[in-house]
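> Sequence plus predicted model, see below.
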Amino acid sequence: EMQLLESGGGLVQPGGSLRLSCVGSGFIISYYAMSWVRQAPGTGLEWVSDISSSGDRRHYADSVKGRFTVSRDNSKNTLYLQMDSLRAEDTAVYYCAIVRWTSYYFESWGQGTLVTVAS
Amino acid sequence: QTVVTQEPSFSVSPGGTVTLTCALTSGSVSPSFYPSWYQQTPGQAPRTLIYNTNTRSSGVPDRFSGSILGNKAALTITGAQADDECDYYCVLYMGSGISVFGGGTKLTVL
């Protein structure tokens, strides 16, 4: 069974940094493009970033471009999201997901990790 | 900036049929936007229902169907059940690697 497990969330001050991880189990992550999607408290889902299976192509939402960096280590079956210059509005549950670029949809989801940006 | 819009809320009677829609503030939704639909119960991760306009994800019952209705993507639920009461999100692919979620529809079954 494909499973994704996020970690690395927590409380960080505005302007600070945090790195999220997403470990895949039951499948080989290098076969898949991956995404990060977030959900601020009480609001809807927002696509954040995508990365190709090899890591050579990356895309970002305008709201995080220049501040967040997606990467992956296929040898560790792990996806990362480096978040710098964090703002209060980045407070959200962050989900990683397998994304299928053949039909541009999110196939499988992790359970999410909460990031809180506050002083 | 083009925004993806959904009905904020909808209600359906148990056993009834409901159609939720997904529209663009500018332009029409077509299959080239690869509409997909997700179901989310509060506090839980999203669940993938429909992709590529009308393809059901593995394990999704055929009570859920997707289509293009006029200039919108649509999710139709037939034979609504109590546990269908949750939030539903559509996603449209805008090109250049950018996906945009709709604001979500809160479905009430009563």
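Great, that's in hand.
> Could you use CA atoms for every contact and neighbour count after this?
Will do.
> Can you tell me which residues in chain A are near chain B?
Within chain A, the positions adjacent to chain B are A:44-47, A:50, A:59-61, A:95, A:103-112 by C-alpha under 8 Å from any C-alpha of the partner chain.
> And B:Pro78, how close does it get to B:Val109?
Not quite, residue B:78 is Thr, not Pro. 12 Å (C-alpha to C-alpha, to the nearest Å).
> If you could redo that for A:Cys96, that was the one I meant.
Relative to B:Val109, and taking C-alpha to C-alpha, A:Cys96 is found at 30 Å.
> The two: which has the busier surroundings?
Using other C-alpha atoms under 10 Å in any protein chain shown as the criterion, A:Cys96 and B:Val109 rank with A:Cys96 on top: 32 against 17.
> And for the helix or strand encompassing the more buried one, what's in contact with it?
Counting by DSSP states H and E, the element that carries A:Cys96 is strand A:92-100. Identification of contacts with strand A:92-100 by C-alpha atoms under 8 Å, 6 or more residues apart in numbering or on different chains yields A:4, A:6, A:22, A:32-41, A:50, A:105-116, B:45.
> could you redo the last one with a cut-off of 7 Å?
When contacts are defined by C-alpha atoms under 7 Å, 6 or more residues apart in numbering or on different chains, strand A:92-100 is touched by residues A:6, A:22, A:32-41, A:105-116.
> Pull out the buried residues from those residues.
Among the contacts of strand A:92-100, the ones that count as buried by 16 or more other C-alpha atoms under 10 Å in any protein chain shown are A:6, A:22, A:32-40, A:105-116.
> so where do the strands sit in chain A?
Counting by DSSP state E, the segments of chain A that form strands are A:3-7, A:10-12, A:18-25, A:33-39, A:45-51, A:58-60, A:68-73, A:78-83, A:92-100, A:105-109, A:113-117.
> What mean pLDDT does stretch B:57-64 get?
The average pLDDT for stretch B:57-64 rounds to 97.
> Can you give me the end-to-end span of that stretch?
10 Å.
> any residues touching that stretch, and which ones?
Against stretch B:57-64 from outside (C-alpha under 7 Å, 6+ apart): B:Thr48, B:Leu49, B:Ile50, B:Tyr51, B:Leu75, B:Thr76, B:Ile77, B:Thr78, B:Gly79.
> Kindly report the same for stretch A:32-44.
A:45-53, A:91-100, B:103-104.
> how about a cut-off of 8 Å?
Residues contacting stretch A:32-44 (C-alpha under 8 Å, 6+ apart): A:45-54, A:79, A:81, A:89-101, A:106, B:102-104.
> Can you select the buried ones from those in ChimeraX?
Entered in ChimeraX, the line below selects the buried ones among these, by 16+ other C-alpha under 10 Å:
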select /A:45,46,47,48,49,50,51,52,53,79,81,90,91,92,93,94,95,96,97,98,99,100,106 /B:102,103,104
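> beta partners for A:Gln3?
A:Ser25 (DSSP bridges).
> Can you give me the separation between it and A:Trp109?
Taking C-alpha to C-alpha, one finds A:Gln3 at 8 Å from A:Trp109.
> Equivalent analysis for B:Thr19, please.
B:Thr19 is 25 Å from A:Trp109, by C-alpha to C-alpha.
> measure the residue nearest the centre of chain A to chain B for me?
Centroid-nearest residue in chain A, with C-alpha atoms, centre = their mean: A:Trp36, separated by 3.0 Å. Distance, A:Trp36 to chain B, using C-alpha to the nearest C-alpha, to the nearest Å: 11 Å.
> Near residue 29, how many other residues are there?
No chain in the question, so chain A it is. Quick note: A:Ile29 (other C-alpha under 10 Å) scores 24 neighbours.
> Switch to chain B, please.
Neighbours of B:Val29 (other C-alpha under 10 Å): 21.
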